[in-house]
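> kindly return the folded structure for what I paste below:
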Amino acid sequence: MMDPPPIIRLRNLRKEFNGTVAVANLDLDVADGEFICFLGPSGCGKTTTLRMIAGLETPTVGEIWLRDQRIDALPPQRRGVGFVFQNYALFWHMSVYDNLAFGLRVRGIAPAEVDARVREIAESLELSPILRQRAARLDLSAMQRVALGRTLVVRPQVLLLDEPLNNFRPGLREMMRGELKRMQLSLGRTMIYVTHDQEEAMTMGDRVLVMNAGRLEQVAAPREIYRRPATLFVAGFIGRPPMNFIETQYHVEDGRAFLGHGRLRWEIDTRRDAIEHQAPSGRVIVGIRPEDVWPAVLAVQEREPAELTPARVELVQPLARKKIVDVNARGVALKMVVPGAFPVRAGQTLDVVMDRRAFHLFDAQTGRAID
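Below you'll find the model as predicted:
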């Protein structure tokens, strides 16, 4: 069976501001009913991409398609997409109720249907007690919820959200992540969600698109992004605490392949062909997540550790049920994660092991993953 055609297609989409490239030749298909998160640091191009889809920015070059219709030349109101702004854009003199109802009224929806939809969305967003309050008197969290509700209530084909939960208190923000996902599944609407918060993207998105400096670094399911980062940037951006990186040199000795850094080295025969074909310079960056570095006393039988490496503990950071431990292993700074009950203190020396099966390898020249 063939996959259904995408609801949104971006082709060679590019945006320049006075010669500065904000988005560089982006190609992307978004499936009907998908929740996709655009993730990246500030200034990476994710909001600019969203605004081009909405019609609030004009592409320098490229095409935007909604189903089988090219929409990049259409005005925003004719695109069939809804936009939740980061800065709310409410009608401050109107009540919450009238803000929520505005889009339905201008579309000629019957008053009874307007009232039913407004009250339904108000209940889900905890707005029912303040429906008669003026928007200008709301706190930031309530303003953001009204902005979200005003867009959701008109049921657009595609919903574009630009960091809509930024001003929510932590507890409500976590609740709203689940509520947004539930509403998206219930309505069957496609959502494109911009965020700089990796936890938000990784818990909400069916897929995550990671951007950096206007370029697409990787787009994949959250699990794939975490387990198989396509670039050095993605590997360092995804994960808390971030991945450890070690600059190494590839060499062959007595017919066996190694990666080495100072007095550290690892036999790497199983990935020899990939390294020789994809990193011809021999300069390879080894990435390993802190949860794959552990004290030798915690090593379990099913793990396959490298040789024991003595390390000095530099810093211990307790964090709920775990500790983040900074160590210096033969001149290499590493972070590792240990259970909260594990006894460890700064200044202590202990042996650490690294799971070679968990190594991520990257060509130091291109930053691309070595498969």
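
> most remote residue from this structure's center?
Most distant from the centre of the chain: residue 254, at 43.7 Å, with distances by Cα atoms, centre = their mean.

> tell me the contacts of it?
By Cβ atoms under 8 Å, 6 or more residues apart in numbering, no residues touch residue 254. Any C-beta I mention is one placed from the backbone N, CA and C, and that applies to glycine too.

> tell me how far it lies from residue 260.
As defined by Cβ to Cβ, to the nearest Å, residue 254 lies at a distance of 14 Å from residue 260.

> for residue 286, same thing?
10 Å.

> out of these two, which sits in the busier spot?
residue 286 (22 against 16; other Cβ atoms under 10 Å).

> tell me which other helices or strands the strand or helix carrying the more buried one touches.
Using DSSP states H and E, residue 286 maps to strand 283-288. On a contact count with 3 or more Cβ pairs under 8 Å, 6 or more residues apart in numbering; DSSP states H and E, strand 283-288 meets helix 232-237, strand 244-253, strand 256-261, strand 360-363.

> mutual contacts of residue 286 and residue 260, please.
Joint contacts of residue 286 and residue 260 (Cβ under 8 Å, 6+ apart) are 248, 266.

> leaving out the residues flanking it, which one is nearest to residue 187?
Distance criterion Cβ to Cβ, 6 or more residues apart in numbering; nearest residue to residue 187, sequence neighbours excluded, is residue 155 at 6.6 Å.

> confirm the one you found sits in a strand?
No: using DSSP: H, G, I helix; E, B strand; the rest coil, the assignment for residue 155 is coil, not a strand.

> just give me the neighbour total for it.
14.

> any idea how far residue 33 is from it?
Applying Cβ to Cβ to residue 155 and residue 33 gives a distance of 13 Å.

> overlap in contacts of the two?
Common neighbours of residue 155 and residue 33 (Cβ under 8 Å, 6+ apart) are residue 189.

> residue 315 pairs with what?
residue 326 (DSSP bridges).

> for the helices and strands packed on strand 283-288, which one sits closest to residue 148?
Closest to residue 148 of these is helix 232-237 (Cβ to Cβ; 26.3 Å).

> okay, now the unreliable bits of the stretch 151-300 of the chain?
Where the stretch 151-300 of the chain drops to pLDDT under 70, the residues are 299-300.

> what ranges does it have for its helices?
170-187, 198-204, 222-227, 232-237, 272-278 (DSSP state H, counting those that start in this stretch).

> what lies in contact with the last one?
Contacts made with helix 272-278 from outside it, assessed by Cβ under 8 Å, 6+ apart, are listed as 250, 257, 259, 268, 282, 284, 361, 363, 368, 370, 371.

> neighbour count for those residues - can I get that in JSON lines?
Formatted as JSON lines, the contacts of helix 272-278 follow (neighbours: other Cβ atoms under 10 Å):
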{"residue": "250", "neighbour count": "21"}
{"residue": "257", "neighbour count": "18"}
{"residue": "259", "neighbour count": "24"}
{"residue": "268", "neighbour count": "21"}
{"residue": "282", "neighbour count": "15"}
{"residue": "284", "neighbour count": "25"}
{"residue": "361", "neighbour count": "21"}
{"residue": "363", "neighbour count": "20"}
{"residue": "368", "neighbour count": "13"}
{"residue": "370", "neighbour count": "19"}
{"residue": "371", "neighbour count": "10"}
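
> nearest to residue 239 among these?
For the contacts of helix 272-278, the nearest to residue 239 is residue 361 (16.4 Å; Cβ to Cβ).

> and that closest one, how far is that from residue 164?
38 Å.

> please give me every residue in contact with residue 61.
12, 13, 14.

> all strands of the stretch 51-200 of the chain, in order?
In the stretch 51-200 of the chain, the strands defined using DSSP state E, counting those that start in this stretch lie at 61-66, 69-70, 81-84, 158-162, 190-195.

> now do the third one, average pLDDT.
The one in question is strand 81-84. For strand 81-84, mean pLDDT rounds to 88.

> please identify which two of the contacts of helix 272-278 are farthest apart in space.
257 and 368 (19.6 Å).

> hmm, back to that, phi, psi of the residue farthest from the centre of the chain?
Main-chain dihedrals, residue 254, degrees, to the nearest 10: phi 50, psi 40.

> how near is it to residue 269?
12 Å.

> what does residue 263 give?
20 Å.

> residue 283 too?
In terms of Cβ to Cβ, residue 283 sits 19 Å off from residue 269.

> now swap in residue 121 and tell me
Distance from residue 121 to residue 269, counting by Cβ to Cβ: 59 Å.

> these two - which one has more neighbours?
Taking neighbours as other Cβ under 10 Å, residue 121 and residue 269 compare with residue 121 leading, 21 against 11.

> determine the number of other residues adjacent to the residue nearest to residue 97 when sequence neighbours are not counted.
Using Cβ to Cβ, 6+ apart and skipping the chain neighbours, the partner closest in space to residue 97 is residue 131 (4.3 Å). Residue 131 has 17 neighbours, counted by other Cβ under 10 Å.

> separation between residue 131 and residue 146?
10 Å.

> between those two, what contacts are shared?
Contact criterion Cβ under 8 Å, 6+ apart; residues shared by residue 131 and residue 146: 96, 100.

> looking at the helices of the stretch 151-300 of the chain, which is closest to residue 37?
Using Cβ to Cβ, the helices of the stretch 151-300 of the chain put helix 198-204 closest to residue 37, at 3.8 Å.

> neighbouring contacts of the closest one?
35, 37, 39, 165, 177, 180-181, 193, 195, 208, 222, 225-226, 237-240.

> list the contacts for residue 193?
Per Cβ under 8 Å, 6+ apart, neighbours of residue 193: 35, 36, 37, 38, 161, 164, 180, 200, 201, 204, 205.

> export the residues you listed to a markdown table and tack on distance to residue 75?
Formatted as a markdown table, the contacts of residue 193 follow (distance: Cβ to Cβ, whole Å):
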| residue | distance to residue 75 |
| --- | --- |
| 35 | 26 |
| 36 | 24 |
| 37 | 27 |
| 38 | 23 |
| 161 | 21 |
| 164 | 23 |
| 180 | 27 |
| 200 | 31 |
| 201 | 30 |
| 204 | 30 |
| 205 | 29 |
